[in-house]
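>>> predicted model, plus sequence, below.
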Amino acid sequence: MKAYVFPGQGAQFVGMGKDLYDNSPMARELFEKANELLGFRITDLMFNGTDEDLRQTKVTQPAIFLHSVLLAKTLGDSFKPEMVAGHSLGEFSALVANGALSFEDGLTLVSKRALAMQKACEAQPSTMAAIVGLDDEIVEKICGEIDEIVVPANYNCPGQLVISGSVQGIDLACAKLTEAGAKRAIKLSVGGAFHSPLMEPARAELAEAINSTHFNTPVCPVYQNVTAGAVTDPELIKKNLIAQLTAPVRWTQTVKNMITDGCTSFTEVGPGQVLQGLVKKVDRTVATSGINTYQG
(Lines give C-alpha, C1' and ligand atoms only; values in the text may rest on other atoms or scores of the structure.)
Protein backbone atom coordinates (compact mmCIF):
# COMPACT_ATOMS: atom_id res chain seq x y z
CA MET A 1 0.00 0.00 0.00
CA LYS A 2 1.09 3.54 -0.76
CA ALA A 3 0.89 6.46 1.68
CA TYR A 4 1.18 10.16 0.93
CA VAL A 5 2.53 12.37 3.72
CA PHE A 6 2.51 16.16 3.97
CA PRO A 7 5.07 18.39 5.72
CA GLY A 8 4.51 21.03 8.38
CA GLN A 9 5.97 24.38 9.34
CA GLY A 10 9.70 24.82 8.74
CA ALA A 11 9.85 23.40 5.20
CA GLN A 12 9.17 26.75 3.48
CA PHE A 13 11.62 28.37 1.04
CA VAL A 14 11.62 31.48 -1.16
CA GLY A 15 10.42 30.60 -4.67
CA MET A 16 8.19 27.74 -3.48
CA GLY A 17 5.36 26.95 -5.87
CA LYS A 18 6.50 29.29 -8.68
CA ASP A 19 7.04 26.36 -11.07
CA LEU A 20 3.43 25.27 -10.41
CA TYR A 21 2.11 28.79 -11.10
CA ASP A 22 4.13 29.09 -14.32
CA ASN A 23 3.32 25.63 -15.74
CA SER A 24 -0.17 24.65 -14.56
CA PRO A 25 -3.22 26.77 -15.45
CA MET A 26 -5.20 24.94 -12.74
CA ALA A 27 -2.57 25.73 -10.08
CA ARG A 28 -2.42 29.36 -11.26
CA GLU A 29 -6.19 29.68 -10.91
CA LEU A 30 -6.13 28.22 -7.39
CA PHE A 31 -3.18 30.42 -6.37
CA GLU A 32 -5.19 33.49 -7.48
CA LYS A 33 -8.21 32.18 -5.57
CA ALA A 34 -5.95 31.86 -2.51
CA ASN A 35 -4.77 35.49 -2.90
CA GLU A 36 -8.42 36.55 -2.91
CA LEU A 37 -9.45 34.36 0.03
CA LEU A 38 -6.51 35.42 2.20
CA GLY A 39 -6.86 39.11 1.42
CA PHE A 40 -3.19 39.53 0.45
CA ARG A 41 -0.99 38.28 -2.38
CA ILE A 42 0.63 35.29 -0.76
CA THR A 43 2.07 34.38 -4.18
CA ASP A 44 4.28 37.52 -4.08
CA LEU A 45 5.69 36.44 -0.71
CA MET A 46 6.12 32.79 -1.74
CA PHE A 47 7.80 33.54 -5.07
CA ASN A 48 9.74 36.75 -4.37
CA GLY A 49 9.58 37.47 -0.64
CA THR A 50 12.34 37.16 1.94
CA ASP A 51 13.05 34.36 4.42
CA GLU A 52 11.78 36.77 7.07
CA ASP A 53 8.45 37.19 5.21
CA LEU A 54 8.00 33.43 4.99
CA ARG A 55 8.79 32.91 8.67
CA GLN A 56 5.65 34.79 9.77
CA THR A 57 3.21 32.10 10.93
CA LYS A 58 0.30 33.77 9.08
CA VAL A 59 2.31 33.37 5.83
CA THR A 60 4.22 30.13 6.51
CA GLN A 61 1.22 27.91 7.16
CA PRO A 62 -0.92 28.83 4.13
CA ALA A 63 2.23 28.85 1.92
CA ILE A 64 3.17 25.26 2.83
CA PHE A 65 -0.47 24.16 2.56
CA LEU A 66 -0.77 25.68 -0.93
CA HIS A 67 2.49 24.16 -2.15
CA SER A 68 1.54 20.67 -0.90
CA VAL A 69 -2.11 20.67 -1.99
CA LEU A 70 -1.49 22.13 -5.45
CA LEU A 71 1.34 19.66 -6.09
CA ALA A 72 -1.08 16.82 -5.24
CA LYS A 73 -3.78 18.31 -7.49
CA THR A 74 -1.42 18.66 -10.47
CA LEU A 75 -0.66 14.92 -10.26
CA GLY A 76 -4.18 14.32 -11.62
CA ASP A 77 -5.28 10.70 -12.00
CA SER A 78 -1.88 9.37 -10.92
CA PHE A 79 -2.63 10.62 -7.37
CA LYS A 80 -4.39 7.64 -5.77
CA PRO A 81 -3.82 7.71 -2.02
CA GLU A 82 -4.60 4.58 0.01
CA MET A 83 -3.69 6.30 3.28
CA VAL A 84 -2.51 9.83 4.18
CA ALA A 85 -0.97 11.68 7.10
CA GLY A 86 0.45 15.13 7.71
CA HIS A 87 2.85 16.52 10.30
CA SER A 88 1.01 19.18 12.34
CA LEU A 89 -0.07 21.78 9.74
CA GLY A 90 0.41 19.03 7.10
CA GLU A 91 -2.68 17.26 8.46
CA PHE A 92 -4.82 19.96 6.76
CA SER A 93 -3.05 19.30 3.44
CA ALA A 94 -3.68 15.57 3.93
CA LEU A 95 -7.39 16.19 4.56
CA VAL A 96 -7.79 18.17 1.32
CA ALA A 97 -5.78 15.53 -0.57
CA ASN A 98 -8.06 12.69 0.63
CA GLY A 99 -11.27 14.63 -0.05
CA ALA A 100 -12.33 15.27 3.56
CA LEU A 101 -12.04 19.05 3.03
CA SER A 102 -12.51 21.30 0.02
CA PHE A 103 -9.55 23.42 -1.11
CA GLU A 104 -11.31 26.63 -0.04
CA ASP A 105 -12.34 25.33 3.39
CA GLY A 106 -8.89 23.85 4.00
CA LEU A 107 -7.16 27.14 3.18
CA THR A 108 -9.63 29.15 5.28
CA LEU A 109 -9.04 26.89 8.31
CA VAL A 110 -5.26 26.98 7.86
CA SER A 111 -5.34 30.79 7.73
CA LYS A 112 -7.52 30.99 10.86
CA ARG A 113 -5.25 28.47 12.61
CA ALA A 114 -2.14 30.48 11.75
CA LEU A 115 -3.62 33.78 12.98
CA ALA A 116 -4.93 32.19 16.20
CA MET A 117 -1.54 30.57 16.88
CA GLN A 118 0.31 33.83 16.22
CA LYS A 119 -2.01 35.62 18.68
CA ALA A 120 -1.41 32.93 21.34
CA CYS A 121 2.36 33.20 20.81
CA GLU A 122 2.27 36.98 21.26
CA ALA A 123 0.17 36.67 24.45
CA GLN A 124 2.84 34.65 26.27
CA PRO A 125 6.54 34.25 25.40
CA SER A 126 7.22 30.56 24.85
CA THR A 127 9.38 28.29 22.74
CA MET A 128 10.36 24.74 21.72
CA ALA A 129 13.53 22.62 21.75
CA ALA A 130 14.63 19.45 19.96
CA ILE A 131 16.02 16.74 22.24
CA VAL A 132 18.25 14.24 20.46
CA GLY A 133 19.60 10.93 21.73
CA LEU A 134 17.34 10.11 24.69
CA ASP A 135 14.50 7.62 25.06
CA ASP A 136 11.05 9.20 24.94
CA GLU A 137 10.26 7.92 28.45
CA ILE A 138 13.23 9.79 29.98
CA VAL A 139 12.23 13.03 28.24
CA GLU A 140 8.61 12.61 29.40
CA LYS A 141 9.73 11.95 33.00
CA ILE A 142 12.03 14.98 33.20
CA CYS A 143 9.44 17.30 31.62
CA GLY A 144 6.96 16.13 34.26
CA GLU A 145 9.36 17.03 37.09
CA ILE A 146 9.76 20.69 36.08
CA ASP A 147 7.62 23.26 37.88
CA GLU A 148 6.82 25.11 34.63
CA ILE A 149 4.80 24.28 31.51
CA VAL A 150 7.01 21.88 29.53
CA VAL A 151 5.56 18.99 27.53
CA PRO A 152 6.57 16.59 24.74
CA ALA A 153 5.27 18.18 21.51
CA ASN A 154 6.59 16.24 18.49
CA TYR A 155 7.50 12.54 18.65
CA ASN A 156 9.44 12.79 15.38
CA CYS A 157 11.38 9.52 15.30
CA PRO A 158 13.17 7.27 17.81
CA GLY A 159 15.71 9.42 19.64
CA GLN A 160 14.26 12.75 18.51
CA LEU A 161 11.54 14.40 20.57
CA VAL A 162 10.66 18.11 20.45
CA ILE A 163 9.52 19.69 23.72
CA SER A 164 7.36 22.78 24.07
CA GLY A 165 6.61 25.24 26.87
CA SER A 166 7.46 28.47 28.65
CA VAL A 167 10.89 30.00 27.92
CA GLN A 168 12.07 29.36 31.49
CA GLY A 169 10.65 25.83 31.44
CA ILE A 170 12.44 24.96 28.19
CA ASP A 171 15.74 26.36 29.53
CA LEU A 172 15.42 24.24 32.70
CA ALA A 173 14.42 21.15 30.73
CA CYS A 174 17.32 21.51 28.26
CA ALA A 175 19.80 21.71 31.16
CA LYS A 176 18.32 18.67 32.93
CA LEU A 177 18.02 16.61 29.74
CA THR A 178 21.65 17.36 28.83
CA GLU A 179 22.67 16.18 32.31
CA ALA A 180 20.59 13.03 31.74
CA GLY A 181 22.64 12.22 28.61
CA ALA A 182 20.93 13.92 25.67
CA LYS A 183 23.35 14.23 22.74
CA ARG A 184 21.83 17.61 21.91
CA ALA A 185 19.18 19.95 23.28
CA ILE A 186 18.62 22.62 20.64
CA LYS A 187 16.27 25.54 21.13
CA LEU A 188 14.26 26.09 17.95
CA SER A 189 13.66 29.35 16.13
CA VAL A 190 9.88 29.28 16.46
CA GLY A 191 7.29 31.83 17.48
CA GLY A 192 5.93 29.92 20.47
CA ALA A 193 5.04 26.70 22.26
CA PHE A 194 3.10 24.79 19.59
CA HIS A 195 1.31 21.58 20.66
CA SER A 196 1.31 22.58 24.33
CA PRO A 197 -1.30 23.87 26.84
CA LEU A 198 -0.10 27.40 25.97
CA MET A 199 -1.97 27.04 22.65
CA GLU A 200 -5.33 26.70 24.47
CA PRO A 201 -6.61 30.17 23.36
CA ALA A 202 -5.85 29.22 19.73
CA ARG A 203 -7.52 25.80 20.16
CA ALA A 204 -10.71 27.40 21.47
CA GLU A 205 -10.75 29.88 18.56
CA LEU A 206 -10.10 27.20 15.94
CA ALA A 207 -12.69 24.83 17.43
CA GLU A 208 -15.48 27.21 16.46
CA ALA A 209 -14.24 27.44 12.86
CA ILE A 210 -13.74 23.67 12.49
CA ASN A 211 -17.14 22.83 13.98
CA SER A 212 -18.90 25.13 11.51
CA THR A 213 -17.04 23.68 8.48
CA HIS A 214 -18.40 20.78 6.41
CA PHE A 215 -16.16 17.69 6.33
CA ASN A 216 -16.77 14.85 3.83
CA THR A 217 -16.14 11.15 4.31
CA PRO A 218 -12.61 10.83 2.86
CA VAL A 219 -11.60 8.48 0.03
CA CYS A 220 -9.00 6.86 2.30
CA PRO A 221 -8.06 6.92 6.00
CA VAL A 222 -6.11 9.80 7.52
CA TYR A 223 -3.72 8.88 10.32
CA GLN A 224 -4.16 11.81 12.68
CA ASN A 225 -1.45 13.35 14.89
CA VAL A 226 -3.44 13.12 18.11
CA THR A 227 -4.21 9.38 18.02
CA ALA A 228 -1.70 8.12 15.41
CA GLY A 229 -4.52 5.87 14.18
CA ALA A 230 -6.58 5.59 10.98
CA VAL A 231 -9.73 7.74 10.90
CA THR A 232 -12.49 8.08 8.28
CA ASP A 233 -15.41 9.41 10.35
CA PRO A 234 -15.81 13.17 9.64
CA GLU A 235 -16.93 13.99 13.21
CA LEU A 236 -13.93 12.19 14.72
CA ILE A 237 -11.60 13.88 12.22
CA LYS A 238 -12.93 17.26 13.42
CA LYS A 239 -12.52 16.35 17.09
CA ASN A 240 -8.91 15.21 16.59
CA LEU A 241 -8.09 18.28 14.49
CA ILE A 242 -9.28 20.58 17.28
CA ALA A 243 -7.30 18.64 19.92
CA GLN A 244 -4.17 18.77 17.76
CA LEU A 245 -3.16 22.32 18.77
CA THR A 246 -2.59 21.44 22.43
CA ALA A 247 -1.68 17.74 22.01
CA PRO A 248 1.59 16.19 20.81
CA VAL A 249 2.25 15.16 17.22
CA ARG A 250 2.72 11.38 17.44
CA TRP A 251 4.67 11.00 14.20
CA THR A 252 6.79 8.00 15.25
CA GLN A 253 3.65 6.12 16.29
CA THR A 254 1.80 7.24 13.12
CA VAL A 255 4.47 5.84 10.80
CA LYS A 256 4.63 2.57 12.77
CA ASN A 257 0.83 2.19 12.60
CA MET A 258 0.75 2.88 8.85
CA ILE A 259 3.39 0.22 8.29
CA THR A 260 1.52 -2.26 10.53
CA ASP A 261 -1.62 -1.55 8.46
CA GLY A 262 0.17 -2.50 5.23
CA CYS A 263 2.03 0.59 4.02
CA THR A 264 5.16 -0.28 2.01
CA SER A 265 5.99 3.13 0.52
CA PHE A 266 5.75 6.75 1.68
CA THR A 267 5.67 9.70 -0.75
CA GLU A 268 6.19 13.16 0.75
CA VAL A 269 4.26 15.85 -1.16
CA GLY A 270 5.34 19.44 -0.59
CA PRO A 271 8.46 21.43 0.25
CA GLY A 272 11.53 19.75 1.74
CA GLN A 273 12.47 16.17 2.56
CA VAL A 274 12.13 16.13 6.35
CA LEU A 275 9.39 13.51 6.56
CA GLN A 276 11.25 11.10 4.28
CA GLY A 277 14.19 11.24 6.68
CA LEU A 278 11.98 10.71 9.73
CA VAL A 279 10.21 7.73 8.12
CA LYS A 280 13.57 6.09 7.38
CA LYS A 281 14.62 6.58 11.02
CA VAL A 282 11.46 4.77 12.12
CA ASP A 283 11.87 1.88 9.63
CA ARG A 284 14.73 1.61 7.14
CA THR A 285 13.02 -1.13 5.11
CA VAL A 286 10.15 0.99 3.69
CA ALA A 287 10.51 2.88 0.41
CA THR A 288 10.41 6.69 0.53
CA SER A 289 10.21 9.32 -2.21
CA GLY A 290 9.31 12.97 -2.56
CA ILE A 291 7.38 15.23 -4.93
CA ASN A 292 8.37 18.86 -4.45
CA THR A 293 8.36 20.27 -7.99
CA TYR A 294 5.90 20.38 -10.88
CA GLN A 295 5.66 16.91 -12.48
CA GLY A 296 3.96 17.82 -15.79
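Ah, there it is.

>>> can you pull the domain assignment for the chain?
Each structural domain of the chain that the record assigns through automatic domain parsing is listed here as a residue range: 2-122+197-291, 126-187.

>>> export these to CSV and append columns for mean neighbour count and mean pLDDT.
Where you see a C-beta, it was placed from the backbone N, CA and C, and this is true even at glycine. Formatted as CSV, the entries for those read as follows, by neighbours: other Cβ atoms under 10 Å; pLDDT from 0 to 100:
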stretch, mean neighbour count, mean pLDDT
domain 2-122+197-291, 20, 96
domain 126-187, 19, 96
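
>>> is the nearest residue to Gln61 once chain neighbours are set aside in a helix, a strand, or coil?
With Cβ to Cβ, 6 or more residues apart in numbering as the measure, Ala114 is the residue that lies nearest to Gln61, at 3.9 Å, once sequence neighbours are left out. Here Ala114 takes the helix state, with states given by DSSP: H, G, I helix; E, B strand; the rest coil.

>>> ok, now which ones touch Ala114?
Going by Cβ atoms under 8 Å, 6 or more residues apart in numbering, Ala114 touches 57-62.

>>> and the gap between it and Leu37?
13 Å (Cβ to Cβ, to the nearest Å).

>>> mind listing the helices in the stretch 151-296 of the chain by residue range?
Along the stretch 151-296 of the chain, counting by DSSP state H, counting those that start in this stretch, helices occupy 167-179, 200-211, 234-243, 251-260, 274-282.

>>> I'd like to know which of the ones you listed is closest to Val110.
Of all those, the one in closest proximity to Val110, counting by Cβ to Cβ, is helix 200-211 (10.1 Å).

>>> helices or strands up against the closest one?
For helix 200-211, the contact count by 3 or more Cβ pairs under 8 Å, 6 or more residues apart in numbering; DSSP states H and E identifies helix 103-123, helix 234-243 as packing neighbours.

>>> tabulate those helices (a markdown table), appending distance to Pro218.
Output for those, formatted as a markdown table (distance: least, Cβ to Cβ, whole Å):
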| stretch | distance to Pro218 |
| --- | --- |
| helix 103-123 | 12 |
| helix 234-243 | 8 |
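
>>> for those, which one sits closest to Gly49?
So among the helices and strands packed on helix 200-211, helix 103-123 is nearest, using Cβ to Cβ, at 15.6 Å.

>>> mind checking how far the closest one is from the chain centre?
In terms of Cα atoms, centre = their mean, to the nearest Å, the centre of helix 103-123 is found 13 Å from the chain centre.
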